[in-house]
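Novice: got a predicted structure plus its sequence, pasted below:
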Amino acid sequence: MSSNNRKEPSFRQSVDALYNRAIRHMNISEGLAEKIRVCNSTYTVRFGVKLRGDFHTFTGYRSVHSEHAEPVKGGIRYAMSVNQDEVEALAALMTYKCAVVEVPFGGSKGGLRINPRDWSEDELERITRRFAFELIKRDLINPSQNVPAPDMGTGEKEMAWIADQYKRMNTTDIDARACVTGKPLNAGGIRGRTEATGRGIQYALRDFFRYPEDVKASGLKGDLKGKRIIVQGFGNVGYHAAKFLQEEDDAKITHILEYNGGLVNPKGIKVQEAKDWFTHHGSFKDCELGEFVEETKPLFEAECDILIPAAMEGVINLENADRIDANLIIEAANGPVTAGADEVLRKKGTVIIPDMYANAGGVTVSYFEWVKNLSHIRFGRMQRREEEARHRMLIEEIERATSNKLSKAFKERYIKGADELTLVRSGLDDTMRGSYATMRETWHDKRSDDPDFDLRTAAYIIAIQRVADSYKALGL
Ligand code: GLU
């Protein structure tokens, strides 16, 4: 039977199907499994904003999947495709994601049905503030209960408006800034948050390639150098992942796919130049960094070593799964592979680094930002110079004792105390590395009996077990 005769479930059902698959490997009561699976609540709001001389009604959501840890966390998406099923699926993934990388938050997600390209910046500000007002007055934005962040269609600007709106409505809350993450630096943001999800993708791939056994399971060899990569979606996440992998790991970005056409160059596309072009022209048409191809469908199915879906859910589905020609897929987006496609790919032997681990860099650095906001001090401010003084003392003593001068370049690198960005990267690297090690251990452990056992199921098992343990401790 061809795989595309089967019916595709909704996003929410797809996440649940993958969840249920993991539950079958666990010793957990049916009642608790059900409690963890369901979404606790979803708030729908319709509000009007007077724009261009008339009232416009917008529909927004904030879904809370699990409150086993608070605040609950998750982005706010601006897209016309936003609906209840989608925010609930995304909120569930946030719960599992936070659990996998040991970020002490529950899962939530928000969305607004809007095409941000239809509105000017001033209009978007008014719409965002009004949406934020609706959520704030119901404690669905609150530093100790529910902390949004950017997602598809939103960024620093929207987060700054939300933070300011909260502050206006809670003038005496000293922790007001911690009500949202992903803010610009001058509004309480943290260095390294913008590129964090892309950076996390790079770290996740480095972790994978650190283990020859894992690389072998995907049919690949060696390290990231020269690996042919297709990036689907050239927004914040896809762009940063591609840039770092090319500039720092010597990987070859052969295809970049956007909604209005793709760029192909088997020798590798210069990512930063491609970004500059795209930002300026809004399309890859006439871009000389590669060949422009308007129809992206065949490009997505082109042969590559690593496929990075970095746009949105459901792009690898029953219709195209058997034509996907990648050894390794790393899910930079949330839910890019449907449950049905997951099965097809598993049978083909494609290794998938699952979303809840792969794209957790964003929420990990959001956690650092939230801690920074609550402590009211930049990371490294107290210790940086003291660290430098100690390092300098050691260098001087070595030079004196050996009567030898160490190289200037080494001294400069060694003496330098850690600043905020260095600390953020170190914390993110440590998080990705530790989580991968735990995940692969479960993977290999179970794979010896069941060759069909995959990394995603390993990630679910770890996440569900952690949430179950905290529910048990809470006595629910
Ligand atoms: N929207 C991002 C995600 O899906 C970030 C969430 C956050 O930082 O809270 O993981």
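Specialist: Noted; the coordinates are in hand.
Novice: how much space between the nearest residue to K35 once chain neighbours are set aside and I415?
Specialist: Nearest non-adjacent residue to K35, counting by C-beta to C-beta, 6 or more residues apart in numbering: Y471, 6.7 Å away. All C-beta atoms are positioned from the backbone trio N, CA, C, and that covers glycine. Distance of Y471 to I415, computed by C-beta to C-beta, to the nearest Å: 48 Å.
Novice: need the residues of the stretch 51-200 of the chain near the ligand, please.
Specialist: 73-75, 149, 151, 181 (C-beta under 6 Å from any ligand atom).
Novice: could you export those residues as CSV, including pLDDT, secondary structure and neighbour count?
Specialist: Shown next, in CSV, are these (pLDDT from 0 to 100; DSSP: H, G, I helix; E, B strand; the rest coil; neighbours: other C-beta atoms under 10 Å):
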residue, pLDDT, secondary structure, neighbour count
K73, 98, strand, 27
G74, 98, coil, 32
G75, 98, coil, 26
A149, 98, coil, 27
D151, 97, coil, 23
T181, 98, coil, 28
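Novice: and the strands in the stretch 101-250 of the chain?
Specialist: 106-113, 146-147, 228-232 (DSSP state E, counting those that start in this stretch).
Novice: ok, V371 to R384 distance?
Specialist: 17 Å.
Novice: higher neighbour count, these two?
Specialist: R384 (18 against 14; other C-beta atoms under 10 Å).
Novice: from what I can see the more buried one touches T422, true?
Specialist: No - taking C-beta atoms under 8 Å as the definition, R384 is not a contact partner of T422, at 9.3 Å.
Novice: tell me the confidence at L474?
Specialist: We have a pLDDT of 82 for L474.
Novice: going forward, begin numbering at 41 instead of 1
Specialist: With the count now opening at 41, the last piece we talked about shows up as L514.
Novice: skip the chain neighbours and tell me the closest residue to it.
Specialist: H108 (6.8 Å).
Novice: what about G71, neighbour count?
Specialist: 8.
Novice: make that E439, sorry
Specialist: If we define neighbours as other C-beta under 10 Å, then E439 has 13 of them.
Novice: before we move on, what about the one 4 residues further on?
Specialist: Counted with other C-beta under 10 Å, residues neighbouring S443 total 6.
Novice: for the ligand, what is the nearest residue in the stretch 241-390 of the chain?
Specialist: The stretch 241-390 of the chain approaches the ligand most closely through N374 (5.4 Å), counting by C-beta to the nearest ligand atom.
Novice: right, and that residue touches N399 too?
Specialist: Yes - using C-beta under 8 Å, N374 makes contact with N399 at a distance of 6.7 Å.
Novice: ok, A381 to K387 distance?
Specialist: Counting by C-beta to C-beta, the gap from A381 to K387 is 11 Å.
Novice: okay, the residue in the stretch 391-516 of the chain that the ligand sits nearest to: pLDDT?
Specialist: Nearest residue of the stretch 391-516 of the chain to the ligand, counting by C-beta to the nearest ligand atom: S406, 3.2 Å away. Looking at S406, its pLDDT stands at 98.
Novice: quick one, what contacts it?
Specialist: Applying C-beta atoms under 8 Å, 6 or more residues apart in numbering, we find S406 in contact with 113, 143, 187, 189, 221-222, 233, 236.
Novice: among those, which two are most distant?
Specialist: V187 and A236 (15.2 Å; C-beta to C-beta).
Novice: partner residues bridging L368?
Specialist: Beta bridges link L368 to I346, V391, judged by DSSP bridges.
Novice: grab the nearest non-local neighbour of I393.
Specialist: Per C-beta to C-beta, 6+ apart, closest to I393 is I370, 4.3 Å.
Novice: what does the pLDDT read for that neighbour?
Specialist: Looking at I370, the pLDDT reads 98.
Novice: helices or strands up against the host helix or strand of D509?
Specialist: Here D509, judged by DSSP states H and E, is contained in helix 495-514. Applying 3 or more C-beta pairs under 8 Å, 6 or more residues apart in numbering; DSSP states H and E, we find helix 495-514 packed against helix 51-63, helix 70-77, helix 124-140, strand 391-393, helix 395-398, helix 460-487.
Novice: dump the second one to PDB, restricted to CA.
Specialist: Yep, that's helix 70-77 we're talking about. This file holds the C-alpha atoms of helix 70-77, laid out as PDB (Å, rounded to 0.1, in the frame of the first residue of the first chain):
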ATOM      1  CA  GLU A  70      -3.100   4.800  32.400                       C
ATOM      2  CA  GLY A  71      -4.500   7.500  34.600                       C
ATOM      3  CA  LEU A  72      -1.200   9.400  35.000                       C
ATOM      4  CA  ALA A  73      -0.400   8.900  31.300                       C
ATOM      5  CA  GLU A  74      -3.700  10.500  30.400                       C
ATOM      6  CA  LYS A  75      -3.200  13.400  32.900                       C
ATOM      7  CA  ILE A  76       0.200  14.200  31.400                       C
ATOM      8  CA  ARG A  77      -1.000  13.900  27.800                       C
END
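Novice: show residues contacting it.
Specialist: 56, 59-60, 63, 66, 106, 132, 135, 504, 507-508, 511-512, 516.
Novice: mean confidence for it?
Specialist: 96.
Novice: hang on, the earlier thing: let me know the closest of the contacts of S406 to the ligand.
Specialist: With C-beta to the nearest ligand atom as the yardstick, the closest approach to the ligand among the contacts of S406 comes from A189, at 3.2 Å.
Novice: show me what contacts the closest one?
Specialist: 113-116, 199, 220-222, 402-403, 406.
Novice: again, 7 Å this time
Specialist: Counting by C-beta atoms under 7 Å, 6 or more residues apart in numbering, A189 touches 114-115, 220-222, 402, 406.
Novice: which of the residues you listed lies closest to Y279?
Specialist: Closest to Y279, out of all of those and judged by C-beta to C-beta, is G402, at 13.8 Å.
Novice: what strand or helix carries the closest one?
Specialist: helix 401-415.
Novice: ok, T97 next?
Specialist: With DSSP H and E as criterion, T97 is part of strand 94-106.
Novice: that strand to strand 146-153, inter-axis angle?
Specialist: 160 degrees (axes from the mean of the first three to the mean of the last three C-alpha atoms, to 10 degrees).
Novice: now do strand 94-106 and helix 495-514, the angle between them.
Specialist: Going by the same axes, to 10 degrees, strand 94-106 makes 80 degrees with helix 495-514.
Novice: show me what strand 94-106 is packed up against.
Specialist: The contact analysis (3 or more C-beta pairs under 7 Å, 6 or more residues apart in numbering; DSSP states H and E) places strand 94-106 against strand 81-91, helix 124-140, strand 146-153, helix 161-176.
Novice: out of the helices and strands packed on helix 495-514, which gets nearest to E343?
Specialist: Of these, the one closest to E343 (C-beta to C-beta) turns out to be strand 391-393, at 15.9 Å.
Novice: quick one: contacts for A203?
Specialist: So A203 contacts 217, 219-220, 223, 227-228 (C-beta under 7 Å, 6+ apart).
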